[in-house]
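Novice: Give me a model of this one.
(one chain, ligands or ions: 1)
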Amino acid sequence: MAKARVIYWFRTDLRLHDSPALKAALDLDPEILWPIFTWDPYYVYRARGGLNRWQFLLDCQNDLSASITKLNPKSKLFLLREAPQTVLPKIFKAWGVTHLVFEKDTDSYPRERDAVVEAAAKTAGVQVITRSGRTLWDSDRIVAKNGGKPTMSTTQLQNAGKKLGPIDRPIAAPSSLPDPGEMPLDFEHERPSGKPDINSERRTKKDTEYQSIAGPKGDFSIESMEELGFPSATTPHKGGETRALKLLDDIAKDKKYTATFEKPKTSPAQFEPQSTTLLSPFLHFGALSIRELYWRVQDIVDEYGKGASSPPASLTGQLFFRDMYFAAQAAIGPKFTQTHGNDHCKFIPWHLPSKVDSKTGVTTGEYHIDSPEAEKWFQRWKTGTTGFPWIDALMRQLRQEGWIHHLGRHSVACFLTRGGCYIDWERGAEVFEEYLLDHEPACNAGNWQWLSCTAFFTQYFRMYSPISFPQKWDKNGDFVRHWVPELKNLSAKYIYEPWKAPLLDQKQAGVRITGDGESSSGEQGKTYPKPMFDFGERREICLAAMKTAYKANLYGDDDRVADGSWADL
Ligand code: FAD
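Specialist: The predicted structure follows:
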């Protein structure tokens with residue numbers, strides 16, 4: 001029997017360790033294996049991906065390519081610059097491919113894309129093999145075990161998971177890889193045989209096209225940011241499987257940290273190093289296997305015994321949240337990332353209630369849909385010039401580095417939606433989509449729904465104050481001083497409320513609290529904006545508006561809500 005000629009299509013799995021799909025490809029004992037990655041126009045042109053995420057992706061690709069070459073000097077990660085839906089059918093034939101193997105993806109766009117590719121493979125007589133490997137359990141199987149419903153809590157996820165059996169142990173990385181075959185790009189032999197190539201003009205044009213599929217050097221190589229025409233990224237975080245495994249080793253060496261990790265006790269204000277693992281961008285690109293992480297942690301927890309933390313606060317508990325959002329998205333489909341058409345996401349009329357009746361607690365006054373003021377608040381939130389130093393520091397860290405701590409994400413998401421601006425969570429999720437290194441459609445939308453109390457979480461009276469919440473973690477405001485250098489020398493008393501600092505204190509600290517953010521210099525010793533609103537007032541307005549919306553939509557109630565009180569987190 002002729003030996004297999006396999007295309008291994010890397011997508012969400014930029015690694016060699018613990019890859020069930022790669023193992024399935026190698027189990028075919030192929031004569032030829034082409035490790036490829038396709039530049040997909042959807043991600044290149046349509047998805048909002050900032051420069052930092054691009055750089056992280058290139059790091060992962062370069063590292064993977066080098067690891068492949070170590071196993072076979074003739075091979076590397078071959079970059080194909082064309083939409084997979086169109087390029088794969090052409091190369092199936094031109095390269096004599098027998099099998100296409102890839103890791104299963106449950107995000108909405110890839111599901112559609114993969115269906116097109118699978119149909120084309122069928123037509124070409126190419127066998128498609130897929131394996132789940134991006135989550136602890138196969139998300140579709142979780143949904144089936146959850147009665148076809150989305151998992152809306154980690155308990156539901158764990159119960160469904162139990163029915164599927166224990167999480168698989170990771171698979172070792174391969175120790176060798178087959179040679180890649182020839183990679184002709186002259187697709188002209190698709191021309192009906194016997195017909196002369198009379199259209200030489202067209203052929204020349206097509207040749208240029210082929211050249212571009214293989215990149216400017218014609219060798220399918222990975223380009224740098226500069227070669228891609230991008231300015232340099234600003235993140236200090238570097239990607240790649242080698243780095244991910246080293247970071248995991250370092251974390252696992254600290255057995256106490258790993259075994260007793262409790263998310264609510266990790267500080268959002270700690271930096272260099274941060275208080276949590278910062279493994280999320282590696283998980284996003286598949287440079288680190290989720291099961292590798294799970295079992296490294298679980299083995300340490302089992303060995304540690306008494307005193308080890310447990311889900312949901314523990315480190316493995318965090319991974320359950322990730323799987324929960326993936327399975328929720330797998331059940332709900334493309335509508336998961338929006339309110340419209342998503343039955344599981346509560347509708348809140350996000351706009352700008354201007355007043356609250358202090359006696360009845362009900363919002364009154366005009367409602368400004370798309371009000372210019374809300375737009376201005378949104379822009380100030382996005383650019384880190386709200387005049388609330390805690391929020392501004394976090395948003396500046398996000399833009400510069402592409403990662404912020406989970407409770408930092410809580411703070412800015414609550415502030416933008418139900419705990420300050422009363423702006424639609426989808427707008428915040430778009431900003432996160434652009435800036436996060438770890439942007440994951442399911443986790444991003446799911447967490448925004450959680451924070452805006454539109455799904456997963458309903459206790460909307462629990463709010464994050466941009467003043468008292470950070471004080472619990474960082475009395476001196478070191479995190480703010482780092483990210484908001486304008487306030488570097490301000491006394492700790494005013495660091496979270498600089499507008500309260502008397503002029504003399506401002507002068508001594510070399511900063512003037514003035515203006516609306518447009519003139520904020522972002523430099524030490526210049527100006528810093530006044531807060532864009534009175535937070536206490538906004539908190540009351542938002543609370544009353546949420547209460548009204550929940551009641552109007554019959555979303556259930558809560559004792560605390562009935563009192564009209566709020567609780568600071
Ligand atoms: P650790 O605390 O070390 O946790 C280990 C891993 O568990 C993480 O790497 C991550 O994969 C997973 N995890 C932890 N918390 C969550 C959670 N709440 N939801 C899902 N997975 C979790 N996470 C993303 O991976 N991609 C996103 O696009 C994303 N968007 C978010 C948006 C908002 C508004 C909020 C509040 C949270 C978001 N998160 C997202 C979840 C969480 O903040 C990050 O996963 C976490 O901060 C990553 O840092 P870490 O690796 O140090 O996490």
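
Novice: What residues does the stretch 401-550 of the chain have near the ligand?
Specialist: Residues of the stretch 401-550 of the chain that fall close to the ligand, judged by CB under 6 Å from any ligand atom: 405-406, 409-410, 413, 432, 436, 438-440, 443-444, 447-448, 451. C-beta: built from backbone N, CA, C; applies to glycine.

Novice: Now with 8 Å, please.
Specialist: Contact residues, the stretch 401-550 of the chain versus the ligand (CB under 8 Å from any ligand atom): 403-406, 409-410, 412-413, 428-429, 432-433, 436, 438-441, 443-444, 446-448, 450-451.

Novice: quick one, what contacts Lys376?
Specialist: By CB atoms under 8 Å, 6 or more residues apart in numbering, the contact set of Lys376 is 516, 532.

Novice: Wasn't it part of a helix?
Specialist: Yes: Lys376 forms part of a helix when assessed by DSSP: H, G, I helix; E, B strand; the rest coil.

Novice: And the pLDDT for it?
Specialist: At Lys376, the model reports a pLDDT of 90.

Novice: Repeat that for Thr106.
Specialist: Predicted confidence (pLDDT) for Thr106: 89.

Novice: was I right about it contacting Ala328?
Specialist: No: checked against CB atoms under 8 Å, the pair Thr106 and Ala328 is beyond contact range at 10.4 Å.

Novice: Against the ligand, how distant is Glu118?
Specialist: Distance, Glu118 to the ligand, by CB to the nearest ligand atom, to the nearest Å: 27 Å.

Novice: can you tell me which helix or strand that residue belongs to?
Specialist: helix 108-124 (DSSP states H and E).

Novice: Who are the packing partners of the very next helix or strand once past that helix?
Specialist: Downstream of helix 108-124, the first helix or strand assigned by DSSP H and E is strand 127-131. Packing partners of strand 127-131 (3 or more CB pairs under 8 Å, 6 or more residues apart in numbering; DSSP states H and E): helix 20-26, strand 99-103, helix 108-124.

Novice: Need the winner for burial among these.
Specialist: Ranked by mean neighbour count, the helices and strands packed on strand 127-131 are led by strand 99-103 with a mean of 24 (mean count of other CB atoms under 10 Å).

Novice: Just checking: what are the partner strands of it?
Specialist: strand 5-9 (parallel), strand 127-131 (parallel) (DSSP bridges).

Novice: When Thr106 and Ala328 are compared, which one has more neighbours?
Specialist: Neighbour tally, Thr106 and Ala328, criterion other CB atoms under 10 Å: the higher count belongs to Ala328, 28 against 22.

Novice: got a list of what that one touches?
Specialist: 150-152, 336, 344, 442, 446.

Novice: Could you save those residues as CSV and add columns showing secondary structure and neighbour count?
Specialist: Putting the contacts of Ala328 into CSV (DSSP: H, G, I helix; E, B strand; the rest coil; neighbours: other CB atoms under 10 Å) gives the following:
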residue, secondary structure, neighbour count
Pro150, coil, 24
Thr151, coil, 28
Met152, coil, 18
Phe336, helix, 24
His344, coil, 17
Ala442, helix, 24
Gly446, helix, 27
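
Novice: ok, of those residues, which one's closest to Thr12?
Specialist: Checking the contacts of Ala328 against Thr12 with CB to CB, the nearest one is Ala442 at 11.9 Å.

Novice: Excluding residues flanking it in the chain, which one is nearest the closest one?
Specialist: Setting aside the residues directly before and after it, Ala442 is nearest to Gln329 in space (CB to CB, 6 or more residues apart in numbering), at 3.9 Å.

Novice: cool, Ala331 as well?
Specialist: Of all residues not flanking Ala331 in the chain, Pro150 sits nearest, at 3.8 Å (CB to CB, 6+ apart).
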